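Novice: Sequence and predicted structure below; questions after.
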Amino acid sequence: MFGWLHQPEEGRRSDLGIVICKPFGYEAMCAHRSIRAFADACASAGATVLRFDYTGTGDSSGSDTDTNAVNQWCDDIRTAMDALRLTGVTRFGLLGIRFGALLASVVAGGDPSVEHLIAVAPVVSGRRHLRELRTFQATASAEEPADESNGAMEVAGFHLSKASVERLAQLDLLGLPATIRSALILDREDLPGARAWADALLERGTPVQYRALPGFLEMVATPHAAQIPLSMVSATVEYLSTAARSPVPRKHIATAADDGATSMRLMTADGARLVERAMFVDEARTLFAITTELENSPPRPRAPHAHGVVMLNGGATSHIGPNRMYVELARRWAASGYVVLRLDLAGLGDSATRPGQNGNEVYPPGALDDVSAAINFLRREFGVEQVTLAGLCAGAYHALRSAISGLHVNTVLLVNPLTFYWRQGSKLSDLQEAEVVANPGIYAEKIFSFESWRKVMSGRVNLWRVFMVFLRRAMMTAVSTVRDLSRLLRIKLPRDLGWELQSLASRGVRIVFLFARGDVGQDLLRMQGGSAVKSIGDRCRVHVIEGADHIFSQGAARKKLLQLLTNELPR
């Protein structure tokens with residue numbers, strides 16, 4: 001299992017250790033920044049903190065299986081507590097968020113060494129949570145619902161086996177007979193659901209602090225819009241300030257801070273032995289990344305790699321990628337002899353935010369420098385000769401821009417880019433090209449809808465934005481024609497994607513686009529790339545995958561994508 005250790009400042013360390021228990025799936029991906037914030041806050045209160053990935057999730061080993069993940073993840077929490085004991089802590093607290101709070105409560109109820117339970121927007125009923133997950137999946141995906149005939153579930157690309165579903169349906173904190181020693185319950189203010197559980201704990205004699213606070217919806221919003229629930233974090237620090245005892249000396253353990261990297265060995269289902277290393281790729285220790293490669297057996301000096309891959313954040317998700325697909329791809333490709341580096345751009349995932357910049361920016365201004373640092377790291381440390389850049393959505397944009405800027409790149413794998421030109425200073429809420437391309441058709445479909453006209457009459461529709469969408473769409477169509485003509489006349493115009501793609505191909509760079517059928521990026525490429533895309537020939541390949549959404553949350557479509565990406569890697 002992979003984890004991050006957050007240690008308090010020397011002299012402030014108490015004998016208390018906190019294990020942070022993550023939510024499930026998409027909520028964990030959205031709450032990544034908040035999980036880091038909770039960990040840092042607990043450490044500032046004097047606790048030694050471990051946040052970690054359950055087996056088969058995040059950066060830990062394993063994958064979706066038919067095992068009972070609920071029981072396995074409870075065991076994982078106990079294993080994380082054992083790991084914290086290596087630091088010298090003698091008392092324990094569990095901080096669980098959503099589904100993680102349910103797991104933490106189960107563990108705390110059966111382990112007297114857990115003195116404190118902090119439950120953030122807890123899932124109280126497993127059965128009710130399963131209904132919520134099914135509803136979320138049905139509303140989030142425009143495609144056919146996932147097949148649950150075998151009793152398993154897939155939610156936004158994350159899998160729960162039949163055994164896991166059955167076990168989760170049995171869990172209800174109101175009926176949990178075990179005793180919890182002390183609890184802080186931070187309920188969601190918008191839709192509180194844990195008051196009855198808090199009352200039940202009080203009746204059993206458990207000292208409970210219950211507070212309904214804002215911030216939950218912002219914490220688990222889409223990754224690029226997710227915000228840290230500051231009031232919940234502050235309440236946690238306040239609670240821990242009374243839980244910590246006198247400072248104790250720090251017991252030193254080896255971490256990535258000691259030698260710049262830590263390693264984890266794992267075996268794929270096909271028997272390939274891999275090694276993954278967590279490290280920072282720049283001298284300032286800003287850019288976090290994980291490399292995956294075949295393990296030398298027996299150990300020998302590392303031989304140069306012919307091929308390396310840098311994977312770039314899919315939007316504001318961390319280095320695991322949407323649906324954890326980057327982890328699966330990295331291990332698959334490493335088993336075939338590639339060295340793969342999963343990078344967090346500055347301000348995203350586990351990378352630090354540079355001074356003067358905002359965190360969680362999908363298109364950060366220093367992205368090219370970050371990608372350059374990763375490429376140089378691969379060449380310097382692994383002897384990589386050919387570099388492939390790969391990414392979904394914003395990751396595709398950064399990969400393409402990096403190649404166009406002249407970085408030493410041989411292949412770019414671009415999945416569902418939503419823009420080819422980003423103006424620094426823009427916001428995602430501004431009118432973007434993707435909206436201009438996609439929305440006219442949507443508006444046309446709704447023109448005969450009574451509900452749509454009612455929204456217009458009530459002022460709930462921004463008519464100026466609608467007007468600007470149609471105006472800019474007409475302008476984009478006209479400009480596309482002009483650019484095609486200018487390329488025939490060998491006249492280079494600014495922001496000409498077709499010209500840039502032709503230039504890349506002439507430099508020997510392979511360009512591969514992969515789109516979900518109907519994704520707006522496909523139309524955007526057609527309009528801005530024009531006839532140049534076809535003229536490039538085999539140096540610019542375009543694949544379209546049926547039955548997929550933007551992040552490939554459906555298993556069958558995702559499987560097709562992973563295979564196509566693998567087929568397009570240079571040999």
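Specialist: Great, that's in hand.

Novice: after the worst-scoring helix or strand of the chain on mean pLDDT comes which helix or strand?
Specialist: Least confident helix or strand, the chain: helix 256-259 with a mean of 52, by mean pLDDT, DSSP states H and E. Next along the chain after helix 256-259, taking DSSP states H and E as the criterion, comes strand 261-267.

Novice: Which helix or strand lies directly C-terminal to that next one?
Specialist: strand 273-280.

Novice: Between strand 261-267 and that next one, find me the angle.
Specialist: Counting by axes from the mean of the first three to the mean of the last three Cα atoms, to 10 degrees, strand 273-280 lies at 160 degrees to strand 261-267.

Novice: buried residues in strand 273-280?
Specialist: Leu274, Glu276, Arg277, Ala278, Met279, Phe280 (16 or more other Cβ atoms under 10 Å). Heads up, the C-betas are built off the backbone N, CA and C, glycines and all.

Novice: Neighbouring strands - and their directions - for it?
Specialist: In the sheet, strand 273-280 lines up against strand 261-267 (antiparallel), strand 288-294 (antiparallel) (DSSP bridges).

Novice: Point out the most buried one among these.
Specialist: strand 288-294 (a mean of 24; mean count of other Cβ atoms under 10 Å).

Novice: Give me the residues contacting the next helix or strand after that one.
Specialist: Scanning forward in sequence from strand 288-294 by DSSP H and E, the next helix or strand is strand 307-312. For strand 307-312, the surrounding residues in contact (Cβ atoms under 8 Å, 6 or more residues apart in numbering) are 319, 321, 326, 329-330, 333, 337-343, 345, 371, 374-375, 378-379, 382, 384-391, 394-396, 398-399, 569-570.

Novice: Quick one: distance of strand 307-312 to the chain centre.
Specialist: From the chain centre to the centre of strand 307-312 is a distance of 17 Å (Cα atoms, centre = their mean, to the nearest Å).

Novice: repeat for stretch 495-511
Specialist: Using Cα atoms, centre = their mean, the offset of stretch 495-511 from its chain centre is 30 Å.

Novice: Quick check: buried residues in it?
Specialist: Asp496, Leu497, Gly498, Trp499, Glu500, Leu501, Gln502, Leu504, Ala505, Val509, Arg510, Ile511.

Novice: And stretch 106-114, by the same measure?
Specialist: Buried residues in stretch 106-114 (16+ other Cβ under 10 Å): Val106, Val107, Ala108, Gly109, Asp111, Val114.

Novice: What of stretch 200-216?
Specialist: For stretch 200-216, the neighbour count (16+ other Cβ under 10 Å) marks Ala200, Leu201, Thr206, Val208, Tyr210, Arg211, Ala212, Leu213, Gly215, Phe216 as buried.

Novice: what about the second one, which helix or strand?
Specialist: It refers to Leu201. For Leu201, the enclosing helix or strand under DSSP H and E is helix 195-203.

Novice: Point out the other helices and strands that that helix packs with.
Specialist: strand 183-188, strand 208-213 (3 or more Cβ pairs under 8 Å, 6 or more residues apart in numbering; DSSP states H and E).

Novice: of the buried residues of strand 273-280, closest to Ala31?
Specialist: Proximity of those to Ala31 (Cβ to Cβ) peaks at Ala278, which lies at 20.3 Å.

Novice: Do I have it right that that closest one meets Thr292?
Specialist: No: contact criterion Cβ atoms under 8 Å: Ala278 and Thr292 do not qualify, at 10.7 Å.

Novice: quick one: low-confidence ranges for the chain?
Specialist: Along the chain, the parts satisfying pLDDT under 70 run over 64, 66, 140-149, 244-261, 297-304, 428-432, 434-471, 473, 476.

Novice: how about a cut-off of 80?
Specialist: Within the chain, the set of residues satisfying pLDDT under 80 comprises 10-11, 63-66, 138-150, 177-178, 243-261, 296-305, 425-493.

Novice: So if we follow the domain assignment, how does it break up?
Specialist: With domains defined by automatic domain parsing, the chain comprises 3-125+177-243, 258-416+551-568.

Novice: looking at those, which is closest to Val544?
Specialist: Comparing these by Cβ to Cβ, domain 258-416+551-568 comes nearest, at 10.1 Å.

Novice: so how far is the closest one off the chain centroid?
Specialist: In terms of Cα atoms, centre = their mean, the centre of domain 258-416+551-568 is found 13 Å from the chain centre.

Novice: Name the next helix or strand following the helix or strand containing Arg472 along the chain.
Specialist: Take DSSP H and E as the rule and Arg472 turns out to sit in helix 463-488. Heading C-terminal from helix 463-488, the first helix or strand you meet, by DSSP H and E, is helix 497-506.

Novice: one step back: list the neighbours of the helix holding Leu201 that are in contact with it.
Specialist: The contact list for helix 195-203 (Cβ under 8 Å, 6+ apart) reads Pro122, Val124, Leu173, Leu174, Ile180, Ala183, Ile185, Asp187, Val208, Tyr210, Ala212.

Novice: Check stretch 221-239 too.
Specialist: Contact with stretch 221-239 is made by 29-34, 37-38, 41-42, 44-45, 95, 116, 118, 120, 184, 186, 209, 211, 213-216, 218-220, 315-317, 360, 362, 428, as judged by Cβ under 8 Å, 6+ apart.

Novice: Which of the residues you listed fall in helices?
Specialist: Residues of the contacts of stretch 221-239 located in helices (DSSP state H): 29-30, 32-34, 37-38, 41-42, 44, 216, 218-219.

Novice: Can I get these in a markdown table including distance to Arg285?
Specialist: Shown next, in a markdown table, are the ones in helices among the contacts of stretch 221-239 (distance: Cβ to Cβ, whole Å):
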| residue | distance to Arg285 |
| --- | --- |
| Met29 | 24 |
| Cys30 | 26 |
| His32 | 19 |
| Arg33 | 19 |
| Ser34 | 23 |
| Ala37 | 19 |
| Phe38 | 22 |
| Ala41 | 21 |
| Cys42 | 22 |
| Ser44 | 20 |
| Phe216 | 32 |
| Glu218 | 29 |
| Met219 | 27 |
